[in-house]
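Visitor: Sequence first, predicted coordinates after that:
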Amino acid sequence: MDLTDHSGLQQLLEDMIRDTAGEAEKGEVASYIPELARQEKHMLGISVCLVDGTLLSAGDANHSFTLQSISKIFSLMVALCEHGPDYVFQRVGKEPTGDPFNSIIKLETIKPHKPLNPMINAGAIAVAGMIPGASVEERLDKILQLLRKMSGNPDLRVNEKVYQSEKQTADRNRALAYFLKDSGILQGDVEETLDLYFRHCSIDMTTVEVARLAAVLAADGYDARSREQLFPREVARICKTFMITCGMYNASGEFAIDVGIPAKSGVAGGIMAAVPQRMGIGVFGPALDDKGNSVAGVKVLEKLSDRLDLSVF
Ligand SMILES: NC(=O)CC[C@H](N)C(=O)O
């Protein structure tokens, strides 16, 4: 299909949402963060933002959900812009793990004890520790400002209920963070860095906004709406590479074969996918598979990639 055929594309999105909604039956909403367990399992929405700024949506595209691990891309962007790649990669690796996103095992067994990549929780907590500022608010603001610019929504904010819920139940993440402090990867106040991590994971968004973020990534940092280069191409390149190798956790290899688009998922059910030079995609479907990826969301992306020939490989 020609991407300039907007009505054909709109019809395709609507058909796909209708035909894929039933997939949610195969998954469950995340419950380890109690507030996420309240999400309605059968919701499904998609937005596509072409690199010229054209936006198309279908299904529950105006429903807000928290970014969760999708936000790890943007904390990494801030760290890369503040310090450059050498500094960042002295403290966090570039390798996929094959382990679940919250696993602790390789932190101890691999030496030096730095997290394998910035997409797993240990790596993202290490990245949060690199974001400078006089207070947690000031540090969070750096991420929020980037997201507000990229999405075009100046009102983006943290979902307080989800943030509090995660903070109160985050023993595993706390364990990872204190291990990182012991290894010298994290410095300063561990609880403050954890607080920053919980807050950036709890930023609320819709698929419309996620698609816009992804479109800027797809265009190597160029925002067609403001006609500005929002961050260096090099930063976009690094982020998209992590999305391919680690963005879907220990299902990244399978996703690369079945879908073939740089993507990042979160446990609230969102997926952000960036098709280089073509489009950004935001998907939301809260029922997850056993790896923590949206079941219906992955299926929709698989169908869309197939229909529009979007695989980068
Ligand atoms: N996979 C995810 O989305 C995990 C993010 C979540 N905030 C956590 O730390 O557990």
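Guide: Here it is on my side, so go on. Residues are numbered from 1 along each chain as shown.
Visitor: Can you give the domain ranges for the protein?
Guide: 6-66+205-308, 69-201 (automatic domain parsing).
Visitor: Highest mean neighbour count out of these?
Guide: Between those, domain 6-66+205-308 has the highest mean count of neighbours, a mean of 21, where neighbours are mean count of other Cβ atoms under 10 Å. (C-beta placed from N, C-alpha, C; glycine too.)
Visitor: Report all helices and strands that the helix or strand of the chain with the lowest mean pLDDT contacts.
Guide: Lowest by mean pLDDT, DSSP states H and E among the helices and strands of the chain is helix 105-109, with a mean of 84. For helix 105-109, the packing partners by 3 or more Cβ pairs under 8 Å, 6 or more residues apart in numbering; DSSP states H and E come out as helix 171-182.
Visitor: And the helix it packs on, how far out from the chain middle?
Guide: When distances are taken as Cα atoms, centre = their mean, to the nearest Å, helix 171-182 is centred 21 Å away from the chain's centroid.
Visitor: can you tell me the average pLDDT over it?
Guide: Taken as a whole, helix 171-182 has a mean pLDDT of 96.
Visitor: any residues touching the least confident helix or strand of the chain, and which ones?
Guide: 97, 99, 113, 115-116, 122, 176, 179-180, 183 (Cβ atoms under 8 Å, 6 or more residues apart in numbering).
Visitor: for stretch 188-197, same thing?
Guide: 75, 124-125, 128-129, 131, 136, 139-140, 167, 170, 173-174, 177-178, 181, 186.
Visitor: The ligand next: which of those residues are close?
Guide: Asn173 (Cβ under 6 Å from any ligand atom).
Visitor: gap between the closest residue to Met205 other than its chain neighbours and the ligand?
Guide: Counting by Cβ to Cβ, 6 or more residues apart in numbering, Met205 lies nearest to Leu67, which is 5.8 Å off, once chain neighbours are set aside. Separation of Leu67 from the ligand (Cβ to the nearest ligand atom, to the nearest Å): 8 Å.
Visitor: Now do the phi/psi pair for Leu67.
Guide: Leu67 has phi and psi values of phi -60, psi -40 when expressed as degrees, to the nearest 10.
Visitor: Over to Met205?
Guide: According to degrees, to the nearest 10, Met205 has phi -150, psi 170.
Visitor: Looking at strand pairing, list the partners for it.
Guide: Beta-bridge partners for Met205, by DSSP bridges, are Phe65.
Visitor: can you pull the contacts of it?
Guide: Contacts of Met205 by Cβ under 8 Å, 6+ apart are 64-67, 147, 151, 156, 270, 282.
Visitor: Kind regards, and thank you for your time.
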